[in-house]
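**Student:** need a structure here:
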Amino acid sequence: MTAVVVVASVALSWCFDDEASPETEAILDRVRFDGAVVPGLWRLELANVLLGAERRGRTILGGVTARLEHIARLPIKTDTETAGRAWREILALARAENLTTYDASYLELAIRHGVALATKDTVLAAAGSRVGVSVIP
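**Tutor:** Numbers count the residues shown, from 1 in each chain. Take a look at the predicted model:
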């Protein structure tokens with residue numbers, strides 16, 4: 001197997017018991033062994049959602065800090081080119097596939113690296129399929 005682009009929604013399922021599934025656990029195992037690549041906004045997305053959940057009193061496995069530390073130990077590489085591509089490739093892809101630029105950043109990364117896209121977002125998954133990206137789960 002090869003690395004995968006992990007969308008924040010998948011990584012967040014590793015933080016909440018009620019969002020975990022056999023598919024998201026399989027992605028976690030894949031990341032442990034093969035690594036992942038994510039756009040620069042990924043860490044901000046995770047932190048923001050976990051902070052919001054914490055503020056609403058939602059139970060986070062081990063707490064926000066522990067979850068983020070656990071995820072930080074995974075072999076996940078943050079792409080350094082995403083921001084530089086935001087106004088060209090990512091914006092064009094967002095327009096062509098009717099995505100947000102946030103979602104298009106994940107798709108552009110999967111295209112550029114030639115790896116699968118792990119997402120729970122059906123709109124993003126459909127866009128990935130249209131442009132020839134392997135989508136999991």
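**Student:** Please name every helix or strand in contact with the worst-scoring helix or strand of the chain on mean pLDDT.
**Tutor:** Here the helix or strand of the chain ranked lowest by mean pLDDT, DSSP states H and E is helix 64-72, holding a mean of 87. Under the contact definition 3 or more C-beta pairs under 8 Å, 6 or more residues apart in numbering; DSSP states H and E, helix 64-72 sits against helix 42-55. In this view, the C-beta of every residue, glycine as well, is placed from N, C-alpha and C.
**Student:** can you do 10 Å?
**Tutor:** With contacts taken as 3 or more C-beta pairs under 10 Å, 6 or more residues apart in numbering; DSSP states H and E, helix 64-72 sits against helix 8-13, helix 42-55.
**Student:** Need the contact partners of that helix.
**Tutor:** The list of residues contacting helix 64-72 from outside it, by C-beta atoms under 10 Å, 6 or more residues apart in numbering, reads 6, 11-12, 14-16, 28, 31, 42-43, 46-47, 49-51, 53-54, 60-63.
**Student:** Just the buried subset of those residues, please.
**Tutor:** The neighbour-count test (16 or more other C-beta atoms under 10 Å) applied to the contacts of helix 64-72 identifies 6, 11-12, 14-16, 28, 31, 42-43, 46, 49-50, 53, 60 as buried.
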